[in-house]
Structure formats: C-alpha cells, structure tokens
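> Any chance you could fold what I've pasted below:
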Amino acid sequence: MKKIVFTVALALGLSIGAKAQVLLASDFESVWTGTVVTGWFGSKTNITLTAGDSAKKDSIAPYHGSYCIDLVNTSTTSTKRFSTTPLSVTAGTVYNVRFWAKGTGKIKPALYGVRGVGGGYESASYFTLSAAPWTVYNQQLLADSTNANAQFIFYAESTASGNLQLDSVTISAVGTATNVSLYQIQYTTATPANSPFNNKFVTTGGIVTAVYNGSTGTQSGYYVQTSHANAWAAVNVYDYNHIVAIGDSITFSGQVTEYYNETEIQQIANFTKVSSGHQALTPPTVVAFNTIQNEKYEGMLIKAKDITDLRYNAASAWYVFYDSTMTLGINSEDTVDNIIYTYSYTQGKKYNITGVIHFEYANWIEPRFLADIDSINVTAGIKNFQNSASDVTIYPNPNNGLFTVYVNGLANENTTDVILTDITGRVVYKERLDTHPGSGSLPINAGNLEKGTYFIQISNSQSNTTKKVIVQ
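Residues are numbered from 1 along each chain as shown. Down below sits the predicted model:
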C-alpha cells in the first residue's frame, strides 16, 4: 500500500462563540503543590522524570503570567501524555482546545474516555513546531460518548532540542456536528476543489461501497456513497474502530479534512450500522476513462469500459491504461491501482474495470475484488482472459456448497490452480491440480460456506477463466 494512514493537522485561528461553555481555562498560574499544578497531571499523564522526560513548571518567558509548562520527550518514535484532571464531556459535543505553544517538537491534543462508555482515546493530528515564537493553535475533538471523568490530553514527541513549552489552554464546548448529505460535503466549484465543510464536524451517512486495510491487515477505512447517486455523493472515511462490510448502511459523525486534495472524514464518532446487504443501491456509474479526473467522481463507485492495459509501472506498483477517448502520448493515460485488491493485468488486453475513485495526487480506480475485473467478452457473468479452457460448467448451480467443476479443452499445462473467492475477494477454497490436455472434473466440497455469491477461478499460464457460483 502506498498510503495507509490519512491525517491532517489544523492550525486555525478559530474564534470561540460567546455561548461556548468553558470547561477549563488555565495559564498555569493557579496553585502549585510541589511539581503539580491544579487542574493538570491527571491519571493519563505519563511524562515523568524517567530518562529525562518531564512536564515541569517553567518561569522563563511564558506566554502569559509567571509560568508555563515544559514538555520534554526526546523520543522520535514514542509519545508521552500530559493530561487534565477529570472533566465532564457529552456524547455528540464538539470541544475546541485552544492553546499557545513554542519550542521544538510535535504536539497534539486528544480526549480520553470517549471510545464507548468509559474508555478509549480520540485524537487528531500533530502540530510540528520548530523554535517558532509563541503561536496559538486550535484543535476540535468530538466526544463519542458521555463521561463525567474524561481527560483532555496533550501528546508530546521529538523535543530533541530540550523542550516544548505550553501555555494558556482553554477547553470549550462549541456545539455539535452539522447534519449534511454526502453531496453537500463534496460539491464545490472552488479551486482547489476543497469541501465547503473542510475542518468542520458533520453528521452524515450512506452505503459502504469499499473497505481497505492497513499494513497489519486490520481495517483502516472505507468508502460510503449515497444510494443511487452518480456524482458528488461519496467520500473516503478513515476509521479503524468500526468494522463494516460492503452494502452496510451507516450513519456517523466526524471531521471533514482534505488530505492532498482528497476529501476525507476522520475522528469518527456516533457510529450506527443501520442495516446490511444494500450492494444493489450503489451500482457503478459508467464513465468515459478520460473523465475520471473530474472532481465529481472522487470517492464514487464507477465503471470504465473497453480500457487497454498499456504498461505496468513497477516502481510504483500500478497499471497504466488508456481507451478510445484518448490520444496515445497526449494526456492519454490513467491509473488502475491496487490499494484494495491486487491483480496482474495482461499488457495490450482490454478490460471493463469497476472500482472506487481514490485520490492520491490524481484520481485512480481501485478495484475491490476479482468480480470488478472483466474482459471485453463478458457474457452471463463469465470472464475469459485468453481462455484455452474452452468449456467450463458448474453443476449444480445454485448449490449448497457441494458442486462439481467440469472442464473441456484444458490447456497443455502440468498444473492448474482452482481458487474460490467470496464477493469481497477473500479466498475460501484453493487447490492446485496436476492437469493434462482434454476434459476433466473436480468435485468441490465447500458445504461450510455461508449463503451468497462466490467466484471460482481456473487458471494456469495459458488461460484464466472465472465463473459465478451461487450458494443457497
């Protein structure tokens, strides 16, 4: 994967409304008891004097008053926390953390106690400081649950030059997430084409069209789309806390961000899975290949027809395609990527390819599984790729997971792979056969499969045939 984590830092001079409820206003001038100041050093504080790390009172050139706090964590790989004492937060409320900082290192606000009742962290992105003068920062955080004993946290990292100073912290409840549609989030005529809700918290929802994983195989996020929409109605959701599947109808709150001009939603809270099995509500929008760079298709599930594999970019691990709408050599190429599903295309061959449009410096098609990749000769769900297995029959079909594959005209190969995948592309059965020219049959015993649609692929170096299997 070329990109796993999608984050963005806010450095906005937000104004706090007159009706904002202030939970904490601290310039570290209140009562100090030894090395601890009132309102701080909560139970989640783990910056200690161990190995030189510390959170300590500093009277040298504070931003306001007589004191500020020095946060020292010289590690460039691990974070340390400096937290408030318990504060009460309410589910669905947006909290603004306004603070002044200077020095060298990285710092970010976070909120503990809001991932479900009583526990879990919600954090944003780091602000990076480089010996600048005192500067004001604002970060908004959304509470996922109500907790009378939540703690607001400052993470510190990479203070290699000695310290990072923190002063004049104000934490306020500033409102709730705005209810908007995916169309309202995406539609814009501005240049650059940033969302009109950029850096704001929203509540929205849609049908999940694709799910992608991180480097450890766990879910990193997904794409959601408005049902039956064909433009300006999908978004990339960066969320590893709520597990979803294609076809789920979901609602959620989160912060709209722009990551290198891709509109994304992160800090997901108030998540609800309404129902499942709605794949048919988001059919792919058929588009000309030379139009996929249009902003209105960002995040959308689309289908590009009759596109030809031009070459493989080995350095970047993606495939370059073109179609009849393009003139070779003149803005003629676009990319089919493999962040979600990896497939080896045949140079010079035409395909119909379905996938979500992912933006990473440009719009790329991201197929989700084998069923998204068809040749031009698609008939009744059968996909033939230079097929020399002239006749493949599944019987019975539909079935209960017990069926036989009959093949006439096998290629002259010593080995043939038989792979059965579910609709997400997950392999559920695999076998390598010693095959010879002529006809053959293979009984499949997959009686433990759940009801649904599967795809069986029979492949060797000379042929590759895929057929649909229905388990009832």
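> going forward, measure contacts and count neighbours with C-alpha atoms only.
Noted.
> In this protein, what helix or strand scores lowest on average pLDDT?
strand 383-385 (a mean of 35; mean pLDDT, DSSP states H and E).
> Beyond that one, next helix or strand please.
Downstream of strand 383-385, the next assigned helix or strand under DSSP states H and E is strand 391-395.
> Over that next one, what's the mean pLDDT, rounded is fine.
Strand 391-395 carries an average pLDDT of 78.
> Send me that strand as PDB with only the CA atoms.
Presented in PDB, the C-alpha positions along strand 391-395 are these (Å, rounded to 0.1, in the frame of the first residue of the first chain):
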ATOM      1  CA  ASP A 391     -15.900 -25.000 -21.800                       C
ATOM      2  CA  VAL A 392     -16.400 -24.700 -18.100                       C
ATOM      3  CA  THR A 393     -19.600 -25.900 -16.400                       C
ATOM      4  CA  ILE A 394     -20.600 -25.700 -12.700                       C
ATOM      5  CA  TYR A 395     -23.200 -28.200 -11.600                       C
END
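> ok, which stretches of the stretch 351-472 of the chain are strands?
Under the criterion DSSP state E, counting those that start in this stretch, the stretch 351-472 of the chain contains strands at 363-366, 373-375, 383-385, 391-395, 402-410, 415-422, 427-434, 438-445, 452-459, 464-471.
> Deepest-packed of those, please.
Comparing those by mean neighbour count (mean count of other CA atoms under 10 Å), strand 363-366 ranks first with a mean of 25.
> Not counting its own residues, what contacts it?
292-293, 298, 334-341, 354-358 (CA atoms under 8 Å, 6 or more residues apart in numbering).
> Among those, give me the pair with the biggest separation.
293 and 341 (20.7 Å; CA to CA).
> coming back round to it: any idea which of the strands of the stretch 351-472 of the chain gets closest to residue 322?
strand 363-366 (12.5 Å).
> so how far is that closest one from its chain's centroid?
Relative to its parent chain, strand 363-366 has a centroid offset of 14 Å by CA atoms, centre = their mean, to the nearest Å.
> Likewise for stretch 353-373?
14 Å.
> Over to that stretch now: how far is its first residue from its last?
5 Å (CA to CA, to the nearest Å).
> List the buried residues in that stretch.
For stretch 353-373, the neighbour count (16 or more other CA atoms under 10 Å) marks 353-359, 362-373 as buried.
> and residue 292, what is it in contact with?
357, 363-364.
> hang on, the earlier thing: show me which of the contacts of strand 363-366 is closest to residue 189.
residue 298 (13.9 Å).
> Kindly state the beta-bridge partners for the nearest residue to that closest one once chain neighbours are set aside.
Counting by CA to CA, 6 or more residues apart in numbering, residue 298 lies nearest to residue 357, which is 5.4 Å off, once chain neighbours are set aside. Beta-bridge pairing for residue 357 (DSSP bridges): residue 365.
> My read is that residue 357 contacts residue 296, right?
No. Checked against CA atoms under 8 Å, the pair residue 357 and residue 296 is beyond contact range at 10.1 Å.
> The stretch 1-150 of the chain: helices as residue ranges?
In the stretch 1-150 of the chain, no segments count as helices under DSSP state H, counting those that start in this stretch.
> could you show me where the strands are in it, in order?
21-26, 32-33, 36-37, 54-58, 68-72, 80-83, 87-89, 93-112, 121-123, 127-142, 147-157.
> Next, format those strands as TSV and append mean pLDDT and mean neighbour count.
Below are the strands of the stretch 1-150 of the chain laid out as TSV (pLDDT from 0 to 100; neighbours: other CA atoms under 10 Å):
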stretch	mean pLDDT	mean neighbour count
strand 21-26	95	14
strand 32-33	88	10
strand 36-37	90	16
strand 54-58	88	20
strand 68-72	92	25
strand 80-83	93	24
strand 87-89	95	17
strand 93-112	93	23
strand 121-123	76	19
strand 127-142	89	18
strand 147-157	94	23
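> And for residue 178, nearest residue in space, chain neighbours not counted?
Nearest one to residue 178, counting by CA to CA, 6+ apart, is residue 202 at 4.5 Å.
> now the one you found, which residues is it bridged with?
Beta-bridge partners of residue 202, as defined by DSSP bridges: residue 178, residue 254.
> again with residue 98
residue 138, residue 170.
> check contacts around it.
136-139, 168-171.
> Dump these to a markdown table, plus distance to residue 25.
Listed next are those as a markdown table, based on distance: CA to CA, whole Å:
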| residue | distance to residue 25 |
| --- | --- |
| 136 | 14 |
| 137 | 15 |
| 138 | 14 |
| 139 | 15 |
| 168 | 7 |
| 169 | 6 |
| 170 | 4 |
| 171 | 6 |
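> and which of those is nearest to residue 47?
residue 169 (18.2 Å).
> I'd assumed residue 101 was in contact with that closest one.
No. Contact criterion CA under 8 Å: residue 169 and residue 101 do not qualify, at 9.6 Å.
> Specify the residue ranges that define each domain of this protein.
21-175, 178-280, 284-375, 383-471 (automatic domain parsing).
> for the chain, which spans come out with low pLDDT?
For the chain, the stretches flagged by pLDDT under 70 are 1-19, 49-52, 115-120, 161-162, 214-217, 325-333, 375-391, 408-415, 432-440, 460-463.
> Could you verify that residue 305 is part of a strand?
Yes. Counting by DSSP: H, G, I helix; E, B strand; the rest coil, residue 305 is part of a strand.
> Verify the contact between it and residue 351 for me.
Yes. Using CA under 8 Å, residue 305 makes contact with residue 351 at a distance of 6.6 Å.
> ok, those two, which is more surrounded?
residue 351 (24 against 20; other CA atoms under 10 Å).
> Would you agree the more buried one is in contact with residue 306?
Yes. Between residue 351 and residue 306 there is a contact under CA under 8 Å: 5.4 Å.
> For the residue nearest to residue 298, give me its contacts.
Contacts of residue 357 by CA under 8 Å, 6+ apart are 292, 297-302, 363-366.
> Would you format those as CSV with distance to residue 323 included?
Shown next, in CSV, are these (distance: CA to CA, whole Å):
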residue, distance to residue 323
292, 12
297, 18
298, 20
299, 21
300, 20
301, 19
302, 15
363, 16
364, 15
365, 14
366, 17
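> gap between residue 89 and residue 24?
12 Å.
> Please apply the same query to residue 290.
Applying CA to CA to residue 290 and residue 24 gives a distance of 53 Å.
> for residue 113, same thing?
17 Å.
> mind checking the SS state of residue 280?
helix.
> excluding its backbone neighbours, what's nearest it?
Per CA to CA, 6+ apart, closest to residue 280 is residue 247, 7.9 Å.
> So the one you found is in contact with residue 283, correct?
No. In this structure, residue 247 is not within contact of residue 283 by CA under 8 Å, at 10.9 Å.
> who's more crowded, these two?
Comparing residue 247 with residue 283 by neighbour count (other CA under 10 Å), the higher total belongs to residue 247, at 20 against 16.
> contacting residues around residue 48?
54-55.
> and if we set it to 10 Å?
Residues near residue 48 by CA atoms under 10 Å, 6 or more residues apart in numbering: 54-56, 71-73, 80-82.
> For residue 166, see how far away it is.
16 Å.
> likewise residue 228?
Counting by CA to CA, the gap from residue 228 to residue 166 is 49 Å.
> Neighbour count: those two, which is higher?
residue 166 (26 against 14).
> my read is that one is in a strand, agree?
Yes. Under three-state DSSP, residue 166 sits within a strand.
> ok, now which ones touch residue 265?
6-7, 185, 198-202, 221, 223, 235-239, 252-259.
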